[in-house]
Every structure is written in structure tokens, then in C-alpha cells.
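Chemist: show me how the following folds:
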Amino acid sequence: MSAAGLAVGAPVESAAEGLRRSRRQRRARRTAVLALLAGLVVVLAGSALMLGEFRLSLGRVLGALAGADDPSAHFIVVELRLPRLLLGMLVGVAFGLAGALFQSVLRNPLASPDILGISQGASAGAVAALLLGGLSGAAVSGAALAGGAVVGLLLYAVAWRGGMAGHRVVLAGIGVAYVCTSVVGYLLTRSEVQQAQVALLWMTGSLAQADWSAVRLLGLALVALVPVAALLARGLGLLLLGDDLAAGLGLRPELVRAGVIATGIALACAATAAAGPVAFVAFVAAPIARRLLGDGSSALAESALVGVVMVVGADVVAQHLLPADMSVPVGVVTGAVGGPYLIWLMATGGRRTT
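Modeler: Below is the predicted model:
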């Protein structure tokens, strides 16, 4: 090979090697982040099953899960604590995925069910069912699901104008959220005190109503929705490169965007119907996941695991680490932690960009 050939080939080979090294580093970091988050989930799950008024050893918990002949441990673990743990995990997955989908497809960190009015719409539906219809259980969950779905359709109707622009959806969502909040406030002021207390508990976000039927319903919803989110992940990654480039690669941006938003709405509605509007989980799960990864990818799997850590961890704190007379719903803890974290994230992010 001539000297000129070496001079031209060396930079190309060096660039290719650098690209391969960068990809290996990203894969290694992602594997480490997934392993860390999975480890945290295991630790929190073990704590949730062991701690309580009747504390159990790890051996008794594992024995109860394996079907050992220990009636008291079986009742405490399988009938009382395990449904609450599994519901919290499923809620965390649903909210984490919903937030990541919204924020990625709309390219706006404010795009989450908390801001877009979807959680407020679900709350309005549930509160109406509780206070006007006197309903409970699955009927309230169905009303919450319907309320969130109506808000999602309304967002499409209001924000669609030559495409789903991120800022337009966020602004429309904020307006819808205020309307739904006003509806909830009106219903609460016209209700009896005891009814209002039940509605307020649900609106805070709580796992206290967890049972196997709620776990099954939300589990079935995620079995249908998580594969859809996974199928849309590739198209979502192309959308992050820009609509023109995505269209040049054979993607239909508006169709993919509509599918991603519809899936995010369904995930948020299902989670809210199961546990109420647990604050800040969908809002901050994706930013935390991207910060751990150190890149701007959609981070769907990582966001889902961060959501699980947030919900289960907050429930452990709410049940076992606060004084007995200060027991609070899980949504109070996530709100107390999520708000300051979001402020810190914005402050540190601003310093990095200056």
C-alpha cells in the first residue's frame, strides 16, 4: 500500500474503531445501570415483604413464596403483602414507561401525565364515580380509565394542527388539567365529609386498596401495552433524529407519534385507575434514567425500572420508616421526593449547559 493510501485509510480505521469503542462503552454502561436498578428492586421487594407489624425473616418469606407449611407466614406474605408489592411494581412500570414515551416523542421534559391533564382527567372520572354514583372497586377504576381516555382524545382534538407539536400538546394539556381540577374541586365541595375523605385518599395515590384482582387487571393491561411500547421503540429512536431523517428512512412520523402517544395515554390511565395519580413518578423517571445512562435516548427499560424503584421505595418509606402516627399514602412520599429532585435536576442541568 502506498503512503497516500495509508494516510487516507488510517483516519477512517481510527474513526471506525472509535465508534465501536463508544458503542461498547454505552452497552456496558446500560448493562451496569440495568443491573443496579434491578438490584435495588430486589432489595426493596425483600424489605416490603419482610417488614411490617409482624416482621418475618428472609427464610420465612422465601418459604411462604415457595409454598412451605407455615400458615401465618403464607397469609401475611401471599395474601397481604405480595399483592401490594406487585401492584406497586406494575404501577411503577406503567408510569415510568408513560413518562418516557411522552417526553421522548414530544421532545419536552414537561410532557408527562401529571402535566398533560391525563392524571387529572382520570381523577375527575374516579371522583365523579365515588361522589355522584356511589361506586367503588372496579367501577371506580373503570371511571378513572374513561376519564383519562377522554382527556387523551381531547388533547388530540385541541393540539392537532399540522402535526402533534410538543409545545402545543403541553399547553393544551395544562389547560385541560385546570378544567379537570376545577371539576374535582366542585365535586368535593358539594359532597359529604366522609365521601370527600375517601376521594381525597384516592387522589393522593395509594396502594392500600391492593388485592389480587387489581394486580390481575393491571397485569393484563401491561401484557398488552408493554410489547406495543417495545415495538414502537425503534421508530421512537428514529424520531429523535428528526422527522425529515426518519421519513427518509421509511418511517411515517405522524403515525408513529400517534401510536406512541396513544400507548402512553393507555399506560398512564391504567396505572391511575389501579392506584390513583401517584405524583411525579412519570414526570421524573425518564430524566433520572437518562442521567444514569448519560445520553439522550428514550431509555424505556431504565425508566420503567426507575418507576418501580420510586413507587416501591416510597411505599416502604410510607409504611415502615415513618412514625406509626404519620403513616401516609405512597403519593405523598413520591411528591415530597420528586419535587425537590426536579428542582435540583433543573438547577444542575442549567449549570452544565452554560
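Chemist: who's in contact with the host helix or strand of residue 73?
Modeler: Assigned by DSSP states H and E, residue 73 belongs to helix 71-74. For helix 71-74, the surrounding residues in contact (CB atoms under 8 Å, 6 or more residues apart in numbering) are 54, 56, 60, 61, 63, 64, 67, 68. Glycine gets a C-beta too; all of them are placed from N, C-alpha and C.
Chemist: hmm, the fifth one is touching residue 78, no?
Modeler: No. Residue 63 lies out of contact with residue 78 (CB atoms under 8 Å); the separation is 11.1 Å.
Chemist: before we move on, the earlier item: between the contacts of helix 71-74, which is nearest residue 185?
Modeler: Nearest to residue 185 among the contacts of helix 71-74: residue 54, at 40.3 Å, using CB to CB.
Chemist: gap between the closest one and residue 45?
Modeler: Here residue 54 is placed at a distance of 18 Å from residue 45 (CB to CB, to the nearest Å).
Chemist: compare the two (neighbour count), which wins?
Modeler: residue 45 (20 against 11; other CB atoms under 10 Å).
Chemist: wait, the more buried one sits on residue 312?
Modeler: Yes. Using CB under 8 Å, residue 45 is in contact with residue 312, at 6.6 Å.
Chemist: who touches both of the two?
Modeler: Counting by CB under 8 Å, 6+ apart, the contacts common to residue 45 and residue 312 are 85, 89.
Chemist: now do stretch 107-120, average pLDDT.
Modeler: Computed over stretch 107-120, the mean pLDDT rounds to 83.
Chemist: how long is it end to end?
Modeler: Terminal residues of stretch 107-120 are spaced 22 Å apart (CA to CA, to the nearest Å).
Chemist: please save the CA atoms from stretch 61-79 in PDB.
Modeler: Output of stretch 61-79 as PDB, limited to C-alpha atoms (Å, rounded to 0.1, in the frame of the first residue of the first chain):
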ATOM      1  CA  VAL A  61     -40.700 -15.100  53.300                       C
ATOM      2  CA  LEU A  62     -39.000 -17.300  50.800                       C
ATOM      3  CA  GLY A  63     -40.700 -20.400  52.400                       C
ATOM      4  CA  ALA A  64     -44.100 -18.700  52.100                       C
ATOM      5  CA  LEU A  65     -43.400 -17.900  48.500                       C
ATOM      6  CA  ALA A  66     -42.300 -21.500  47.800                       C
ATOM      7  CA  GLY A  67     -45.400 -22.900  49.500                       C
ATOM      8  CA  ALA A  68     -43.900 -24.100  52.800                       C
ATOM      9  CA  ASP A  69     -46.300 -25.300  55.500                       C
ATOM     10  CA  ASP A  70     -46.400 -22.100  57.500                       C
ATOM     11  CA  PRO A  71     -50.000 -20.800  57.500                       C
ATOM     12  CA  SER A  72     -49.300 -17.500  59.300                       C
ATOM     13  CA  ALA A  73     -46.300 -16.500  57.100                       C
ATOM     14  CA  HIS A  74     -48.300 -17.600  54.000                       C
ATOM     15  CA  PHE A  75     -51.300 -15.400  54.900                       C
ATOM     16  CA  ILE A  76     -49.100 -12.400  55.700                       C
ATOM     17  CA  VAL A  77     -46.900 -12.700  52.700                       C
ATOM     18  CA  VAL A  78     -49.100 -14.000  49.900                       C
ATOM     19  CA  GLU A  79     -52.500 -12.600  50.900                       C
END
